[in-house]
Each structure stands twice: as structure tokens, then as C-alpha cells.
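[1] Take this sequence and fold it.
(2 chains)
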Amino acid sequence: MTKKVFLFGYGRHARSIAYNLLHDGFRLTIIESDESNYNQAKEDGYTDVMYFDVTKDEHLEALIAAPEDRMICMMDDEHLNVFLTLSLRPLFPECHILAISGSIYASQKLLMAGANKVIDLYEVSANRIHNLLKRPVSTRFLDRILSDENGINFREIIIPEDSFLDGMMVDDVNFHACGVLLLGLVDLEKGEHFIFITSGESHKLDSGDRIVCLGMDEDLDHFEEMIKNSEEATCVWPS
Amino acid sequence: MQWLREWILKTAKRLNRSTRYKRSKKFFDGILNDPDNPYKKYVDLMMMFFIISSVGILVYEVRNPVPEWMDIYDIYLVSLVFLIEYLLRLWVHTDLFKLIVEASKRAHILQIDFSLKKPVAKSLKETFNFMMTPAMIVDFLAILPAYREIRILRVFVLFRVFKLLRYTRSLTQFVEVLRNKRFELITLLFLLMFVVVTAGIAIYVFEEHINPEINTLFDAIYWALITITTVGYGDISPVTHEGRTISMIVIVAGIAMISFVTSVIVSAFSEKLIQLKEGRIIEQINKSEEFLLICGYGQMTKMFMRQRDDDDHQYVILEKDKEKYSQAIKDGYYALREDASRHDTLMKFNIEHARITILCLLNSDIENIYISLNAKSISHHIRVIARASDPSMVQKFKRAGADHIVLPNSVANKMLQTAITRPQLYKAAHAILTGKDVAVFDEIRIYPDDPLVGKQLKDINFKQLRLLLMAIEKADDREFLFNPSGETVLKSGDVLVLMGYRIGLDYFKEFYHESLR
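    Residues are numbered from 1 along each chain as shown, chains lettered A, B, ... in the order given. Purely as a prediction, here's the structure:
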């Protein structure tokens, strides 16, 4: 079953995001309290569009959301967005709430209001301009990774049970020989958070750990297949 | 006389054609008059040295006997330099030969007799008008002290101080400000003269016989001026009731007038101040080889400025909205209240010699496109990075010539997708995309004389510096070699794309790279 996403707001920024989410195969519910935006969503062909005043809790309570569902708050009005995030938090404590901030002062407030993640439109764009100015080549490289077109991609791989990787130190694995680049990992011994490989600590891999690799799709496929085996020597440094 | 005229005309024609003559004239014009000329600064400094030393000698001379060499220096050398400067200024101001050649051409076309009289008269008139400008009069008077026979001419050394005005910008601007308020100041001056003369005559009439201090009309007028300016030496003071009444009136009028003059000057300055400041900013930035023009001071610019490091390029913010402009100033940034979509605005900058990047960060696509077009129409060398609100706009921006187009939504989209579909990866993507300290992307360019040239990748210890080599942009085809093998040999022109800690990257640059260059 595909995951469900509640998109609050269908304004300027939300339109393209809704479009992309639909293409990624999410079941989308759009909620608007502005009539013209609501009509716009209808016009753009979304079927599951609701129109009510998001400041009223009784309307929000009526939403049926499973714990794994996600909510994206991106109302045009910054104040409303913070208020909405604040109202949603206690109503759906299990749900993942993402907020898009269109103003540099709102990001902190959205976090305080209980959003799990806040994406600041201006922060990422401004950083991109800095990168264009200072590091044009790396930016081009990053664009290619993110554009999905040329096959280089991020992939998150969970180390399966009985993999030969289980119990090995990260430094002893020659990811390079497999054509993949290890970017970082979630080491369950150290907690749930993502650790960049460049942080320098050596980690022991266990089954269940997640590793994040960068590579060509076919190499990644191959690698993923390979680590399911319990015996494999090609990816280990000859000692 | 016929042969003389012919000869002059011939000489004039020859000189008018000669590039060497023109070049030397242009050179002197540059060092004397063009503020952007690189040598003008040194000429100015030299002139200021002459002036100050000359005035210094004048002061020293009052109490001490002057050695002969100083006298010679002051009389001959300094005056000679000033004289040469004066003559050069006259020379570069008018072009007699051009006028002669033009007149002869006209005569030729109209089939009339060519006469030297007209062009010579015209050039003399121009020269005379030029000589009568205040700056030139000061220059002329500054030469005079060379003639020692008349003692009073020594005072003209002081005109050399006025000459300083020419060579210091702030003083010129001060005079400029006062000139703008010429009308008010002259009116006040006449009013002052009227009051002083009237009061002077009145006191003369009332007290000439009674007051022993007042003997002539000059004394009376002197008293009136000293009183009205509230200086009040007290060497002459009225003794009769009539005289004291006049004093009281004069004092009140004086206070009013002084405050009036002060307010006129202050208001002139506050009007001019912004303009002066902006002029300074533009001048400053035009000196750098590479700079940014940031259009608009909205959310995007604020964020951009917040992420900026101090060692980044020079910048100036262009904002036409008054409120946003004052906000930028209040936030401590260099900003100009200018409309970047106007041709004149961009022409103020050093378009020809500096590498300029324009960031169009306004909220409106229409304005951003217009600014991009404006910049590209002025010069193709200007790099334009524009913000677009919608993917459908990208094509338009490309047609307008923008070099890079930033879509805030598309970057956010990517992150949103990651956050929903691959939450564990989100932090990685977020850190990379927002440039957080743990995972900075950077690049290192290999130069021809670089010690890294010819090295194999496995010889470089990236791991120790906690760097991750992601790819190499090859010099030959500008293609990316992803995850290159250890046997790859580095060539000049390659660019390494690395990821790691900021400090690791800086260290690598410093240690492996720049220190060995």
C-alpha cells in the first residue's frame, strides 16, 4: 500500500511539490482554506481535495490519518503555517510532520511548534548560489547526482542477516572495488542518527545497520545482491 | 604674412593627425583631470608635498633665517612646477590646432578665404573663460609668490593652501556641497552685508564724537561685524544709549543669521551625504577585479548574506525600494538605492575590466528576467545567476541569457522527496544541500605547476584528512570520472570533487596544494 501524504496548502510553492509527489506515487490529500487555491487544485486534476478552515480543530480531528502517514504544512501565510503545525502536533502525535518555510524567521518557530523537519526554501537556494559561485564543478557534480538522469544515485542499504559484512570494520571493506562509494551509515550501536564516513571514526558493521552508498545504479544493484552472501572476498582488502 | 599662415595651417594639420601628439596630450589630461587614472594619485601626492613644504617654509621664515637652498627651492622649483602645471592645464583644455583645421575645412567647403583670426579668437576666448574659473585663479595666484620684490605677494603662498583643494577629494566634495547652496548662501551674505553696513553707519553717526574708539567709518563697520558674528572682542564698545540699542538689535539679528547659515549648510550636507556615500561604495567596488551585484534585498538575499563568509567576493546590494534599502543599511551591508533594471545603473560599474556576477534574487520573475536581459545587453561577460519561481520560467530565463537559474522549489522538492521516501538519507542530503559543516562539498583544481600533477590517487592520503574523493572532472573532456580508481594519474586541469569537513578541506588545500605551489 502506498503511503498517504496530507498536503496543507496549495499555493505558489506547493503546486510543483504536489505534482512531484503524485509522480512519486503517493496518495495525496490536499487541504486548503483559500477558495481560489482550492479551485486551482481541482482544476489541476487532483481528486482528493478538501476545503475547510484549518484553524478549527474539529475539522482537523476529522482527518483520518494512520501513524505512518505524513503531513506537509506549506500554507502561503507564514503565521497560519506555524499555527497549523502547532494544532496538528497534539492531534496526530505519531505522524511525521514536515513544514516548508518560506521565510527565514519562521524555520525556528516551525520546529518549536512541533514539526519533525523543516525545509527552508531560502536556505537551500542561497546555499546553492554560494556553491555556484565558489564551487562550480562540485555543484555540477551534485546536480548530476540529484537529477536522477545519469544513473549515479544515493542508495540506502540495510545490511542483511548473515551478510559477510556483519562484524567487519568499515575500514576493512573495499567498497571501491565494487564501484560504490560509502557516504555514511547508521550504526545501531551508536544510535539512530546518520554518521558521515568523513567523521573519521571506524565503525563495526552489524546486520541491521543502514549504509548509504553512492554509485551507478547497476553497481549498487550488484553490490546489494553481493552483500546478501555470507562468503565474499572480492570486496575485502587482501591482507 | 601669407607664408606664415600657410605654415601655421600646415603645422596644425600635422599635429592634428599625429597620434603621438594626441597621446601625450591625453596622457597629461589623464594625470591632471581623470580621477580614474592610476598615475594621478602620485602626481597629486607630489603636488601636495610641494604645497605643504612651501607653506612650511613661509611659517618657518617668520622667526628664523632661511638657508639659501630653501629659498631657491621655494622660489624657483616650487613655482616652476606650479607654472608648468598651470600651462599644461591650459594646453589640455583647449585644442587650438583642431579649431584651426576645422576652420580651414569649413573655408574649403564654403569656398571662402581661410582666416586664422576666427579660430584663434575662439580658442583665446575659451582659454580666457577657463582661466577665470575659481580653481584656475587659485592656481595662478599660487605661482605669484615667486616674484619676491613685492612683499605682499608672499601672502599668496596661502593660495597654495587653497590649491590643496584640487588634490583632496573630501575637500572638493565639501566645496561641491556648498556650491549647491550657492543661492541661499549668497542671499545670506548680502543680508549680512546690509545689516553690518547699516549698523556700522548708525553707530558712526551716533558715537563718532563721543566714543574715543570710533574714529572712522571703518572702525564702525569693523565693530558691527565683530558684534553681529557674536565674536565681541570688546576693543570697541558702544557708550551711548542709542549705540547700545543698536548693539542689542545687531546681536539678535546675528544669532538668527548664524543659525540660519548653519542650518543651510547642514541640510545641504544631509541631502548630499547619501549620494557621497554611494559614490564611495561604487568607487571602492570598482577597484576590485571580481565582485557581485545583488539585486533586491528580500528574504533570499538576507539568507544569502547570512551564509556569506568574510573572504568571499566583494558585493553591493542594489535595492530600489526605500524601506528595504534602509533595512539593508541597518543590517550593516553595502547597499545602493538603485534600480538594477536600468541601463545607467549598471554602467556605473567597471563593466569592462572587472568580472561581474549579477544575482537576480527578486521575488518577481518579470523583474529578474528584465535585469538579466539588461545585464546581457550591456556585456556578455557579465555572469547572471537568476532565481526563478517556476520550472516553466526556466526557458525564458535561458533565452534572456541567464547563466544559472536557481529554483528554490526544485531544491526543496528534492529534499522533501528524500524526507518522505528515505528519511535516513535526509540528514545527509540536508547537510550537503545546506552546506553544513560535516559534509561540505568542495573542489580542488590542479594547476600546471602543481606538485599533484603526475601523482597517482593512491599516493594521496585522503582518508587521513577524512576526505572522500567522489569524482574527478577530467581536463580533456570535462566529463566526470565517478569514484576513480587508485591508479588514476592526475593531470593539470583536472578538478577533484571532494566531500568532508571544512577543516579537512582547508588543510588539504593548504598542505598538499597551495603551500607546495
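
[2] all strands of chain B, in order?
    Using DSSP state E, the strands of chain B run over B:290-295, B:314-318, B:335-336, B:355-360, B:383-387, B:404-406, B:440-445, B:467-473, B:480-482, B:495-500.

[3] Quick one: these as CSV, columns for mean neighbour count too.
    From N, CA and C alone the C-beta is placed, and that goes for glycine too. Below are the strands of chain B laid out as CSV (neighbours: other CB atoms under 10 Å in any protein chain shown):
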stretch, mean neighbour count
strand B:290-295, 22
strand B:314-318, 21
strand B:335-336, 24
strand B:355-360, 24
strand B:383-387, 25
strand B:404-406, 21
strand B:440-445, 21
strand B:467-473, 22
strand B:480-482, 19
strand B:495-500, 25
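
[4] could you redo those as CSV and give each row distance to chain A and mean pLDDT?
    Formatted as CSV, the strands of chain B follow (distance: least, CB to the nearest CB, whole Å; pLDDT from 0 to 100):
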stretch, distance to chain A, mean pLDDT
strand B:290-295, 7, 89
strand B:314-318, 10, 89
strand B:335-336, 17, 88
strand B:355-360, 6, 89
strand B:383-387, 6, 90
strand B:404-406, 5, 86
strand B:440-445, 4, 79
strand B:467-473, 5, 83
strand B:480-482, 6, 80
strand B:495-500, 4, 83
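
[5] Strands of chain A, residue ranges please.
    Taking DSSP E as the criterion, chain A contains strands spanning A:4-8, A:27-32, A:49-51, A:70-73, A:96-101, A:117-120, A:152-158, A:180-186, A:195-196, A:210-216.

[6] Serialize the strands of chain B to a markdown table and add fields for distance to residue B:190.
    Shown next, in a markdown table, are the strands of chain B (distance: least, CB to CB, whole Å):
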| stretch | distance to residue B:190 |
| --- | --- |
| strand B:290-295 | 47 |
| strand B:314-318 | 44 |
| strand B:335-336 | 39 |
| strand B:355-360 | 50 |
| strand B:383-387 | 56 |
| strand B:404-406 | 62 |
| strand B:440-445 | 69 |
| strand B:467-473 | 75 |
| strand B:480-482 | 78 |
| strand B:495-500 | 73 |
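
[7] of those strands, which approaches residue B:49 most closely?
    Closest of these to residue B:49 is strand B:314-318, at 31.8 Å (criterion: CB to CB).

[8] Which residues does the closest one contact?
    B:281-282, B:284-285, B:288, B:290-297, B:301, B:305, B:308, B:328, B:333-336, B:338-340, B:345 (CB atoms under 8 Å, 6 or more residues apart in numbering or on different chains).

[9] ok, 7 Å please
    The contact list for strand B:314-318, computed with CB atoms under 7 Å, 6 or more residues apart in numbering or on different chains, reads B:281, B:285, B:288, B:291-295, B:297, B:301, B:328, B:333-336, B:338, B:340, B:345.

[10] What are the contacting residues of stretch B:270-277?
    If you take CB under 7 Å, 6+ apart as the criterion, stretch B:270-277 is touched by B:173, B:177, B:180.

[11] Which residue ranges make up each domain of the chain?
    With no chain named, the answer covers chain A. Following automatic domain parsing, chain A resolves into domains at A:4-125, A:151-226.

[12] wrong chain, I was asking about chain B
    Following automatic domain parsing, one gets these domains for chain B: B:2-167, B:182-272, B:289-410, B:437-514.

[13] picking up where we left off before, for residue B:506, state which of the contacts of stretch B:270-277 is nearest.
    Among the contacts of stretch B:270-277, residue B:173 lies closest to residue B:506 (CB to CB), at 42.7 Å.

[14] Quickly note the distance from the closest one to residue B:29.
    From residue B:173 over to residue B:29 the distance is 22 Å, taken as CB to CB, to the nearest Å.

[15] show me the contacts for residue B:214.
    Contacts here follow CB under 7 Å, 6+ apart; on that basis residue B:214 touches B:203-204, B:207-208, B:220, B:223, B:236.

[16] Many thanks, have a good one.
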